[in-house]
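got a structure for you, letters missing:
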């Protein structure tokens, strides 16, 4: 029975021990080998004194040991805390301190730079993977990576499906990253739901491009394990590397965020890279129509899945590929085993075509924000349904995202409540404006930002990268005038060589907002 997230791996190791589970570069692990590696991590953690509920931070690039650490921490009874490998010392230090992690799993080449981060943390033991021997420290024990689980494996920690399994740190529009606490149930149900609507099977080869610290990135591994598929791990560096890896491994499924897809749409995709791909999926923001059209030309035989998710509920909606031609701007309907509501501020349901907040209820709703009861109470609120007054209050997650449903219940994303631009008495959706800018064909990337203005309330600034030469404010303005109302026209166009991205590959809107506001 799949009660815990590590059961996804354990079950497949028992059913198909010799089947390929993971590949990193030239090395492939079978399901039996992957489970043995996870069990070895679990035994080592328990031998070092891990107690049920202890946090285990994992600061590694994507590799076989990273996955072993994730599932090993779960099997030992701990909470795994994946730390994006591109983060620097100060950011790592915040996550270590905020999570209260007692264990850190990292590599010998990363450890020397972590002195300051470790000094302010509760880390008691560091487990190091790498060729060089770990050096002892007076503040914490440093241990070499264990490779054998022993004869008995880890002791049963006694955890249940509602216990916390992971803390994923996600950046908000303001302040430092907050830790979203996911239960075993969240992760298992999420893997089963997503692999179900993507129709994953053991014959799939899923390319893991997104960071494992990102909910959609972690989902690539859990959905693969849920059905016994083969997951190929890749640390994204250059767009042209993705088609090469797809061709080398016969990839059948690929999920990315929209900014990454914008880059991948511009590279050459030889037939060897696309011939086996049966689906590709977008998450983390609406796919611009020009990019959608280009990708459909690249992946002519593949099904496109346009998805929406928030870390606080892992996954929420997807658009059936059969509906993409009719509703290219839609994020679809609820994924299996979830209910998505569109509600007014008072909690009453919106009518079709009325904007409201997306609210997610069901087994995927996270447990809350780590160590932050105030923000947890703001976002995770009781949901009372008519006729169910007898029922104990159920917590749903209020996403903070504005959406609208059509007459058939298909949802469209309008924007984040804290990113909506209020100018000249109008509310402007950055997503809608960005879609219009993309439609001109003049830009490769665009982010629309509202900057405080004493007269307008906010003035609109577009930060863009050009699709060709000679782009300036007036050129883009002339292209936009026929397709958007006057109040949506930008006061300024900032043309750059590139746009900053977050560690998860999304456009770094808080940083861009700070830069254009200063």
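That came through, no problem. The shown structure was predicted, so the numbers you read here are calculated from the model rather than taken from an experiment. Residues are numbered from 1 along each chain as shown.

and the next element down the chain from the strand or helix carrying residue 181?
Take DSSP states H and E as the rule and residue 181 turns out to sit in strand 178-183. Helices and strands here follow DSSP H and E; after strand 178-183, the next one along the chain is helix 184-197.

residues contacting that next one, please?
Surrounding helix 184-197, the residues in contact under the criterion Cβ atoms under 8 Å, 6 or more residues apart in numbering are 2-5, 7-8, 74, 159-163, 165-166, 200, 218-219, 222-227, 229, 305, 314-315, 318, 335-338, 363-367. All C-beta atoms are positioned from the backbone trio N, CA, C, and that covers glycine.

mind listing which of those are in helices?
Helix and strand membership here follows DSSP state H; of these, those in helices are 5, 7, 8, 74, 218, 219, 222, 223, 224, 225, 226, 227.

contacts for stretch 484-494 next, please.
Stretch 484-494 has contacts (Cβ under 8 Å, 6+ apart) with 423-424, 426, 428, 432-433, 436, 448, 451, 453, 456, 459-464, 471-473, 476-477, 480-481, 516.

identify each buried residue in that stretch, please.
Using 16 or more other Cβ atoms under 10 Å as the burial criterion, the residues of stretch 484-494 that qualify are 484, 488, 490, 493, 494.

which of the contacts of helix 184-197 are buried?
Among those, the ones that count as buried by 16+ other Cβ under 10 Å are 2, 4-5, 7-8, 74, 159, 161, 163, 165-166, 200, 218-219, 222-227, 229, 305, 314-315, 318, 335, 338, 363-367.

give me the below-cutoff pLDDT ranges for the chain.
When residues are selected by pLDDT under 70, those of the chain lie in 132-138, 171-176, 424-427, 455.

outline the domain layout of it.
Domain assignment of the chain by automatic domain parsing yields the ranges 7-19+26-184, 236-414, 419-517.

and of these, who's closest to residue 214?
Distances from residue 214 to each of the domains of the chain were compared using Cβ to Cβ; the shortest belongs to domain 419-517, at 4.3 Å.

so for the closest one, first residue to last residue, what's the gap.
Using Cα to Cα, to the nearest Å, one end of domain 419-517 lies 14 Å from the other.

give the contact list for the residue nearest to residue 82 when sequence neighbours are not counted.
In space, residue 82 comes closest to residue 213 once its chain neighbours are excluded; the distance is 4.1 Å by Cβ to Cβ, 6 or more residues apart in numbering. When the contact criterion is Cβ under 8 Å, 6+ apart, the partners of residue 213 are 82, 83, 84, 168, 169, 503, 504.

how about residue 217?
By Cβ under 8 Å, 6+ apart, the contact set of residue 217 is 208, 209, 210, 211, 504.

distance-wise, check the nearest residue to the third one once chain neighbours are set aside relative to residue 81.
If I follow you right, that is residue 210. Setting aside the residues directly before and after it, residue 210 is nearest to residue 217 in space (Cβ to Cβ, 6+ apart), at 3.3 Å. Between residue 217 and residue 81 the distance is 14 Å, computed by Cβ to Cβ, to the nearest Å.

do the same with residue 421
Distance, residue 421 to residue 81, by Cβ to Cβ: 35 Å.

kindly report the same for residue 295.
34 Å.

again with residue 486
With Cβ to Cβ as the criterion, residue 486 and residue 81 are 48 Å apart.

pull the longest helix from this protein.
helix 31-47.

please compute how far it lies from its chain's middle.
25 Å (Cα atoms, centre = their mean, to the nearest Å).

who are the packing partners of that helix?
Taking 3 or more Cβ pairs under 8 Å, 6 or more residues apart in numbering; DSSP states H and E as contact, the helices and strands that helix 31-47 lies on are helix 5-15, strand 20-24, helix 64-76, strand 125-129.

and if we set it to 7 Å?
Using 3 or more Cβ pairs under 7 Å, 6 or more residues apart in numbering; DSSP states H and E as the contact criterion, the elements in contact with helix 31-47 are helix 5-15, strand 20-24, helix 64-76.

got TSV for the ones in helices among the contacts of helix 184-197, with distance to residue 96 too?
Formatted as TSV, these follow (distance: Cβ to Cβ, whole Å):
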residue	distance to residue 96
5	22
7	28
8	27
74	19
218	19
219	24
222	24
223	29
224	29
225	27
226	30
227	34
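
between which two of those residues is the distance greatest?
Put simply, by Cβ to Cβ the two of the ones in helices among the contacts of helix 184-197 set farthest apart are 74 and 227, 18.8 Å from each other.

gap between the two ends of stretch 149-158?
Using Cα to Cα, the span of stretch 149-158 from its first residue to its last is 19 Å.

contacts for that stretch?
36, 39, 40, 42, 43, 46, 52, 75, 76, 77 (Cβ atoms under 7 Å, 6 or more residues apart in numbering).
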